[in-house]
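In: Build me a structure from this.
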Amino acid sequence: MKRTMILAAATTALAIAGTSPAAAQHLRNWRTVGYTTVNGRDSDTIRVRGTARYRQMRVCVYGGPIRMRDVDVRFRNGGHQDIGTRQLMRAGTCTRSLDLRGRSRDVTQVRLKYTPLARDWVRPVVRVMVR
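Out: Alright, predicted model coming up:
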């Protein structure tokens, strides 16, 4: 009897652990290529090192809320893509997956325009993720 209860509890725990939320499932393929701490400015430029090519990008916020206004992506070939994101981002949230135009693109820098919403003692961290 006790053995059956333990087996049932273990099976239930595995079933719950195996069914993670959709957001956690999407984190599996994403890779962080840069981040910055918001220090009261309204824009930051994150330089991306390497020569890897990416299809999609997203921006995540941790530690405090911001209002994301614009994302400007610069490519190694001199081109750029301006992506309007205009949304309120709470701590722990990410933008939708932003598709990069053309074939897989070689990103060199990402310029973020935003408005910090918290007081000076809260410094959100903005992270750029790609895949």
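In: And the strands in the chain?
Out: With DSSP state E, the ranges of strands along the chain come out as 31-37, 43-47, 56-62, 66-75, 80-89, 93-94, 98-99, 107-116, 125-130.
In: could you dump those to TSV with mean neighbour count?
Out: (Glycine included, C-beta is placed from N, CA and C.) Below are these laid out as TSV (neighbours: other CB atoms under 10 Å):
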stretch	mean neighbour count
strand 31-37	14
strand 43-47	14
strand 56-62	20
strand 66-75	18
strand 80-89	14
strand 93-94	16
strand 98-99	13
strand 107-116	19
strand 125-130	20
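In: Quick one: those strands as CSV, columns for mean pLDDT too.
Out: Shown next, in CSV, are the strands of the chain (pLDDT from 0 to 100):
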stretch, mean pLDDT
strand 31-37, 92
strand 43-47, 92
strand 56-62, 94
strand 66-75, 92
strand 80-89, 89
strand 93-94, 94
strand 98-99, 90
strand 107-116, 90
strand 125-130, 94
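In: Thought Met68 was touching Pro124, still the case?
Out: No: contact criterion CB atoms under 8 Å: Pro124 and Met68 do not qualify, at 10.8 Å.
In: what's the overlap in contacts for these two?
Out: Common neighbours of Pro124 and Met68, counting by CB atoms under 8 Å, 6 or more residues apart in numbering, are Val61.
In: In contact with Ala90, which residues?
Out: Careful, residue 90 is Arg; it's not Ala. Val61, Pro65.
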